[in-house]
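1. Fold the following, please.
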Amino acid sequence: MITDALTHITRDGQWYGTSLNASLDSLLEAMQRDNVDMAVLAGIPGADDDGLILQCISSNPGRFIPVAGVDISLESDALNIRLEQVKDAGFVGIKLHPRLSGVPVTHPEYRDVTRRAGQLG
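-> Residues are numbered from 1 along each chain as shown. Here you go, the predicted structure:
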């Protein structure tokens, strides 16, 4: 089995001002072409793409592993709420993005958020 460890899609298929095609159809075509059985479909922190990812998961059973983008710069209470929402929605992991969150990967908050996410399962 071949699994792509990190993929992203966008609602409109545009990829942040580039000519890249970030549509679900393009991703599925690439997976078919390259004999990829499954892919981690990860959200981008701050992009509000949870619904899109969950929709793709339900319309393509067994093809994607849902991972939610989480903005680590959120205040502690808001971050806890976000982690609970992610779990309740059915995501199996979180994607933290130091550059987009503006928080260096060496910041202690990464260890704390990873621990909290692990406690939630």
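
2. what ranges of this protein fall below the confidence cut-off?
-> Within the chain, no stretch has pLDDT under 70.

3. and for the helix or strand hosting residue 114, what are the contacting residues?
-> Following DSSP states H and E, one finds residue 114 within helix 108-120. For helix 108-120, the external contacting residues (Cβ atoms under 8 Å, 6 or more residues apart in numbering) are 70, 72, 79-80, 83-84, 86-87, 93-94, 96, 98, 103. Placement of C-beta: from N, CA and C, glycine included.

4. which of the residues you listed has the most neighbours?
-> residue 70 (24 neighbours; other Cβ atoms under 10 Å).

5. How about the closest residue to that residue other than its chain neighbours: which residues does it bridge to?
-> Spatially, and ignoring its direct neighbours in sequence, residue 70 is nearest to residue 94 (4.6 Å; Cβ to Cβ, 6 or more residues apart in numbering). When assigned by DSSP bridges, residue 94 has beta-bridge partners residue 68.

6. and residue 94, what is it in contact with?
-> 67-70, 83, 86, 113, 117.

7. Please report how far it lies from residue 35.
-> According to Cβ to Cβ, to the nearest Å, residue 94 and residue 35 sit 28 Å apart.

8. Over to residue 92?
-> 23 Å.

9. what helix or strand does residue 6 sit in?
-> With DSSP H and E as criterion, residue 6 is part of strand 3-7.

10. oh sorry, the question was meant for residue 39
-> Here residue 39 is assigned to strand 38-42, by DSSP H and E.

11. how many neighbours does residue 63 have?
-> As a burial measure, residue 63 scores 16 neighbours (other Cβ under 10 Å).

12. same question, residue 27
-> Around residue 27 there are 23 residues (other Cβ under 10 Å).

13. who are the neighbours in contact with it?
-> Residues near residue 27 by Cβ under 8 Å, 6+ apart: 7, 9, 39.
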